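S.K.: Give me a 3D structure for the following:
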Amino acid sequence: MNIVVCMKQTFDTEAKIVLNAEGKVNSDGVTLVINPLDEYAIEEGLRLKEKLGGEVTILTLGGDQATAAIRTALAMGADKAVLINDPALGEVDEGVATEVLSAAAKTLSSDIILAGVMDTDNGSAQVAVRIAEKLGIPSVSAVTKLDINADKAEAVRVIDGGTATLEVPLPVMVTVVQGINEPRYPSVAGIMKAKKKPLTTMTLSDLGVNASDLTVHNKVTKLTLPIPRKGGRIIPGEVAEATLELARLLHEEAKIL
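M.R.: All right, here's what the predicted structure looks like:
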């Protein structure tokens, strides 16, 4: 069983977001980690390997700093990793990420590709399913339970008001949600072994992709922080008077009536 896990490095969800004067996120001093939902995908891949045999390959797109997240995934138990790192990429949106990652995925033999249902920074939930479209394979999103039987996958996915069970042929793209498993912590032995596991770095030319053919369609021009919440107010007076005053405030200040 050849298992590929698409992984992204993101800001630590506990990090305090600070914007600079241009409305861009200031990343100085911010800890970068494996996208939390991708941790569930890695764990699911490791469990499939333990049950069915084979190997787990981590696939990610990023700069030099992404190697730290990759080594963590290898320490968890993944067998090898592929990092697409090319300064020619410049800005990357969901479409560019799809083009590059799908080109890389074509170089890997895979029976199943796993990923978190979305990333915690952009939250688009687009890249994995668009990779499946590029590869011409089926995809199942928001999966809470996954079983592989011979050449088919049976997946239980979240839908409005409940769950649905689907059976699809391999190869398949599966995105998982929190609750499908409990990701393991890297052991000391795993951390030591990770240092010797293969990590292949590829450029766009290695993938046969021309940077000039990649077009960014979705561009964030500026970010703003939400307005700080104000403390509560106590409206004095009798019930009737307080009710009238509350209605006035909701209409004139809050502008929700």
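S.K.: where exactly do the strands run in the chain?
M.R.: 2-6, 9-11, 32-34, 55-61, 80-84, 112-116, 139-149, 152-159, 162-169, 172-176, 199-202 (DSSP state E).
S.K.: got CSV for the ones you listed, with mean pLDDT and mean neighbour count too?
M.R.: (C-beta placed from N, C-alpha, C; glycine too.) Below are those laid out as CSV (pLDDT from 0 to 100; neighbours: other C-beta atoms under 10 Å):
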stretch, mean pLDDT, mean neighbour count
strand 2-6, 97, 24
strand 9-11, 91, 20
strand 32-34, 92, 20
strand 55-61, 97, 23
strand 80-84, 97, 21
strand 112-116, 97, 27
strand 139-149, 96, 18
strand 152-159, 96, 17
strand 162-169, 96, 12
strand 172-176, 97, 27
strand 199-202, 97, 15
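S.K.: got CSV for these, with distance to residue 192 too?
M.R.: Formatted as CSV, the strands of the chain follow (distance: least, C-beta to C-beta, whole Å):
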stretch, distance to residue 192
strand 2-6, 21
strand 9-11, 22
strand 32-34, 19
strand 55-61, 18
strand 80-84, 16
strand 112-116, 25
strand 139-149, 30
strand 152-159, 33
strand 162-169, 38
strand 172-176, 28
strand 199-202, 15
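S.K.: Which one of those lies nearest to residue 226?
M.R.: Residue 226 lies closest to strand 9-11 among these, at 16.6 Å (C-beta to C-beta).
S.K.: Can you list the helices and strands that the closest one packs against?
M.R.: strand 32-34, helix 66-76 (3 or more C-beta pairs under 8 Å, 6 or more residues apart in numbering; DSSP states H and E).
S.K.: Of the ones you listed, flag the one that's most buried.
M.R.: helix 66-76 (a mean of 21; mean count of other C-beta atoms under 10 Å).
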